[in-house]
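A.B. asks: here is my input, please return the structure:
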Amino acid sequence: MPEIASAQRSRTGRPDLPAMSFLEHLEELRRRIIWCVLYVIGGFSVCYYFHTQIFGLMQTPIAKALQAHNLPEKLVYTNPTDPFNMYLKIALIAGIFVASPFVLYQVWAFIAPGLYRHERRYVMPFMASTVGLFLAGGLFGYYMVYPAALDFLIGYGTQFTPMITINEYTDLFMTIILGLGIVFEMPILVFFLALMGIVKASWMWKNLRYSILVIFIIAAIITPTTDIMNMCIFAAPMVALYFLSIGVAWMVHPSRRKKQKEKQQQQQG
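C.D. replies: The predicted model follows:
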């Protein structure tokens, strides 16, 4: 159907991409969101079944820190509903982690029609890098940042007897772990911004000094302690991810993708 192909080229400017109307985009977005919600509900259901074991993992860092300072290891609560609400919260967060590969696939499926045909084969690297970076951030916080922060905070107030509630501890745990998981997604954010032509690798490199300054400011804000060492622990992987993001921006920027496409067409011709 040459008429349809011509209409598609005129609407997209790219003959190898399908044309979709605004309402079709909204319908596709609605469908993807529904699937994402269903996956999160499924992940929540599975994780709530193991909520005791999940909280056991969460409690390990604080238990070790309290034990190291010869303090009682049990947390407390002030409201009879606190344990139930806390288990719901941690099951939801853990469920999001479990469902993240499926949710991210829906994200990819939504943006895939806007990519060249040869670029759609990157779905597996995209998902692996996104999930891997998110989990890497969470594990980095769990094994390195959080224990160091707890040891500093509890050791700083050894003249007092801590009464740490389960809600306060859970909120702090989620802030650190999820915060670092999101921070580690910086290359993915840059991927989308560069894909749309909003960010260029040259601009990121040119503003490297200011970016590092902003990274240290962010690290100082999200670090639960006031010492320089923990701030540097937060900032170091963020700086490394920034350099990685520069490479990502260079690879996926529309100008370079267009040149690659033209080169491939010349080779095929």
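
A.B. asks: send me the helix or strand containing Leu153 as CSV with only the CA atoms.
C.D. replies: Leu153 belongs to helix 146-156 when assigned by DSSP states H and E. Below are the C-alpha coordinates for helix 146-156, written out as CSV (Å, rounded to 0.1, in the frame of the first residue of the first chain):
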residue,chain,number,x,y,z
TYR,A,146,24.1,1.7,55.5
PRO,A,147,26.3,-0.3,58.0
ALA,A,148,28.9,2.5,58.0
ALA,A,149,26.2,5.1,58.6
LEU,A,150,24.5,3.1,61.4
ASP,A,151,27.9,2.4,63.1
PHE,A,152,28.7,6.1,63.1
LEU,A,153,25.3,7.2,64.3
ILE,A,154,25.0,4.7,67.1
GLY,A,155,28.6,5.1,68.2
TYR,A,156,28.1,8.9,68.3
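
A.B. asks: and it, what's buried?
C.D. replies: In terms of neighbour count (16 or more other Cβ atoms under 10 Å), helix 146-156 has its buried residues at Tyr146, Pro147, Ala148, Ala149, Leu150, Asp151, Phe152, Leu153, Ile154. Heads up, the C-betas are built off the backbone N, CA and C, glycines and all.

A.B. asks: next, format those residues as JSON lines and append pLDDT.
C.D. replies: As requested, those are arranged in JSON lines below (pLDDT from 0 to 100):
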{"residue": "Tyr146", "pLDDT": "85"}
{"residue": "Pro147", "pLDDT": "87"}
{"residue": "Ala148", "pLDDT": "82"}
{"residue": "Ala149", "pLDDT": "81"}
{"residue": "Leu150", "pLDDT": "86"}
{"residue": "Asp151", "pLDDT": "84"}
{"residue": "Phe152", "pLDDT": "82"}
{"residue": "Leu153", "pLDDT": "81"}
{"residue": "Ile154", "pLDDT": "85"}
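
A.B. asks: among those, list the two that are farthest apart in space.
C.D. replies: For those, the farthest-apart pair by Cβ to Cβ is Tyr146 and Ile154; their separation is 12.1 Å.

A.B. asks: list the contacts for the closest residue to Ala65 other than its chain neighbours?
C.D. replies: Counting by Cβ to Cβ, 6 or more residues apart in numbering, Ala65 lies nearest to Leu150, which is 4.0 Å off, once chain neighbours are set aside. For Leu150, the contacting residues are Pro61, Ile62, Ala65, by Cβ atoms under 8 Å, 6 or more residues apart in numbering.

A.B. asks: how near is the second one to Ala91?
C.D. replies: Translated: Ile62. 19 Å (Cβ to Cβ, to the nearest Å).

A.B. asks: next: Ser100.
C.D. replies: Distance, Ser100 to Ala91, by Cβ to Cβ: 15 Å.

A.B. asks: what do you get for Met58?
C.D. replies: Met58 is 11 Å from Ala91, by Cβ to Cβ.

A.B. asks: next one: Ala249
C.D. replies: With the distance defined as Cβ to Cβ, Ala249 ends up 37 Å from Ala91.
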